[in-house]
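Novice: Build the 3D model from these lines:
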Amino acid sequence: MNMKEMFADALMPHLKETPLTSEQVLQLIEKPKYENLGDLAFPCFQLSKLLRKSPAIIANEIAEKLQSSSISSVEVKGAYVNVFFDKVLVGKAIIDKVIARGTSYGSNDVNSRGKVVIDFSSPNIAKPFSMGHLRSTVIGNALAAIAEKNGYESVKINHLGDWGTQFGKLITAYKLWGNEEEVRENTIPTLLKLYVQFHEEAEKDPTLVEEGRRSFQKLENGDQEAVALWKWFRNESLKEFNKVYTLLGVTFDAVQGESYYNEHMEEVVKELEEKEILEESDGALVVTLNDDMPPCLIQKNDGTTLYATRDLAAAKFRKETYDFVKCLYIVGGEQQLHFQQLFQVLQIMDEEWAADMVHIPFGLILKDGKKMSTRKGKVVLLEEVLQEAINKTKQNIIDKNPLLDNIDDVAKQVGVGAVIFHDLKNERIGNVEFNLDQMLTFEGETGPYVQYTIARGNTLLAKAKTKQHSFKGLDGDLSWEVIKLLEQFPAVIERAFTAYEPSIVAKYVIKLAQAFNSFYGNVKILQEDKHQESRLALTQSVTIVLTEGLRLLGMQAPEKM
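Specialist: Numbering: from 1, shown residues only. As a prediction, this is how the structure comes out:
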């Protein structure tokens, strides 16, 4: 039972004259604005009309009767019943639970709440893995871990952008200006150069666009030369992508690009025709949606398919294969209309599970306040950013702690972790400004700050004479702030998944690290007195929760730094 539930249980006997349920009481309980006002507060405004008394009188009446072994004192502040918990009694229950459960603390006790399919990362082949792909990759990876912590089974899918008219353009560009030897030696940069060149030349010669369409049509029709070039581009791209995924520590349960669903597209078009949903419009096939949404284009007038066709096929395949309870698409906010159309077509098709499909949008990564564009060639390569972060971190370690063991491993954990954390500490819907120096600082709200806090805790625990620590009780305000935050971890995990928002976890670990560092800076943790064991148990609990919090974000925590 958590502190809110303890307070709600103590309140319920005094709310019998009201229709409020335990769940409603829990929803009303809040945290006072200032710590000196109490640990939790219950507002009585809502009871005024029900009981025909002023909120202040109701608050006083409840406070006079309120009793609980876990509550040490009660105060009335206007219309609020404010409570202070017994720091020793409640603190012991919380710390004992964290240490007993270890890394399982905060996990949902339900063994399996079903499968959650998560479609994320999804870079386009033949293009660089740029910083623009970082957000989908790390948000999706974190949500998969958070889903599992909440009792779900996650299915991580990399839906590669490996089909579409852009490959017709690239094939055309390669045949016009490409050099096989140059492509083999420096694949992705060369293909990017060709892609950019195509768009530059197409502005001067519009017939190139039509030529690109014809090349894609050949690809869809199985033309031998077009397919061979496409396979080559795809295989070389995957080799490059896997270097980045290895650095990030990201793995997938399935890598199924758009092309994977080609054989299922005729089935989708046929089903739409059989259900009399398809309509012809200027030679193309569309599904008419509601008044405030444009029709969903299923097949162009030249017979080629589109994103919508492939995503419909993919959605049906995933439901049949995984029988998911949720299917999440971690795709930028600019694709919102596409997913609204996709979900609405599924609803028109009477697929009940359409309601379980969720688009998780996010903002852009900006450089100097501007969007990065592959078409214009303004790309910051993710692999180069990660490597630079590792190199800078390594130099920092050599300057400050040259005798540290496993410098290369620690530099990788801290450097890569800094990039991941900088992204995930921001609410996903907002834009993120790329600033490597800001990411790598050990001060402020950064990944290295949290990692250093864990290393500091591990150092203290390593110096202790005993290795098993038990909490007997601490009644100081600084330790109590840490304990209250530790108690919130399970609720944080649940809220992060409900909102599909990893930043809730990132902001929480920053807050916990700050609270512990305040405690550390004002208390001698290793001082040999009757409270040493309790201080060490608190330290152990913090390292457990911070380490687990970072794991959920896709980061590692070095033992030493």
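Novice: contacting residues around residue 298?
Specialist: 268-269, 272, 278, 284-287, 305-306, 308-309, 312 (C-beta atoms under 8 Å, 6 or more residues apart in numbering). (Each C-beta comes from the backbone N, C-alpha and C, glycine too.)
Novice: Let's see which of these end up in strands.
Specialist: Of the contacts of residue 298, the ones assigned to strands by DSSP state E are 278, 284, 285, 286, 287.
Novice: Is there a neighbour count for the fourth one? I'd like the number.
Specialist: Spelled out, that is residue 286. 19 (other C-beta atoms under 10 Å).
Novice: Skipping adjacent residues, who's closest to residue 410 in space?
Specialist: residue 558 (4.6 Å; C-beta to C-beta, 6 or more residues apart in numbering).
Novice: For the ones in strands among the contacts of residue 298, which two are the farthest from each other?
Specialist: Among the ones in strands among the contacts of residue 298, the pair separated by the greatest distance (C-beta to C-beta) is 284 and 287, at 11.1 Å.
Novice: By neighbour count, which of the ones in strands among the contacts of residue 298 wins?
Specialist: Among the ones in strands among the contacts of residue 298, residue 285 has the most neighbours (other C-beta under 10 Å), with 22 neighbours.
Novice: Kindly state the beta-bridge partners for that residue.
Specialist: Under the criterion DSSP bridges, residue 285 forms beta bridges with residue 280, residue 299.
Novice: Surely it is in contact with residue 268?
Specialist: No. Between residue 285 and residue 268 there is no contact under C-beta atoms under 8 Å: 10.9 Å.
Novice: Sort out which residues of stretch 200-212 are buried, please.
Specialist: With burial defined by 16 or more other C-beta atoms under 10 Å, the residues of stretch 200-212 counted as buried are 202, 208, 209, 211, 212.
Novice: can you pull up the bridge partners for residue 119?
Specialist: Here residue 119, judged by DSSP bridges, has bridge partners residue 157, residue 329.
Novice: Who are the contact partners of it?
Specialist: Residues near residue 119 by C-beta under 8 Å, 6+ apart: 140, 157, 159, 327, 328, 329, 330, 331.
Novice: got a list of contacts for the lowest-mean-pLDDT helix or strand in the chain?
Specialist: Lowest by mean pLDDT, DSSP states H and E among the helices and strands of the chain is strand 370-371, with a mean of 76. Strand 370-371 has contacts (C-beta under 8 Å, 6+ apart) with residue 364.
Novice: what do you get for stretch 406-420?
Specialist: Outside stretch 406-420, the residues that touch it by C-beta under 8 Å, 6+ apart are 134, 138, 247-249, 385-386, 389-394, 397-398, 404, 436, 439-440, 446-448, 451, 550, 553-558, 560-561.
Novice: which parts of it are buried?
Specialist: 410, 411, 412, 413, 414, 415, 416, 417, 418, 419, 420.
Novice: same thing with stretch 167-186?
Specialist: Across stretch 167-186, burial judged by 16+ other C-beta under 10 Å covers 167, 168, 169, 170, 171, 172, 173, 174, 178, 183.
Novice: helix, strand or coil for the second one?
Specialist: Assigned by DSSP: H, G, I helix; E, B strand; the rest coil, the conformation of residue 168 is helix.
Novice: Look up how far residue 312 lies from it.
Specialist: Separation of residue 168 from residue 312 (C-beta to C-beta, to the nearest Å): 22 Å.
Novice: likewise the fifth one?
Specialist: With distances defined as C-beta to C-beta, the gap from residue 171 to residue 312 amounts to 26 Å.
Novice: Over to the fourth one?
Specialist: Distance of residue 170 to residue 312, computed by C-beta to C-beta: 25 Å.
Novice: Which other helices and strands does the helix or strand hosting residue 397 contact?
Specialist: Applying DSSP states H and E as the criterion places residue 397 in helix 382-400. Helix 382-400 sits against helix 224-248, helix 407-424, helix 436-440, with contacts defined as 3 or more C-beta pairs under 8 Å, 6 or more residues apart in numbering; DSSP states H and E.
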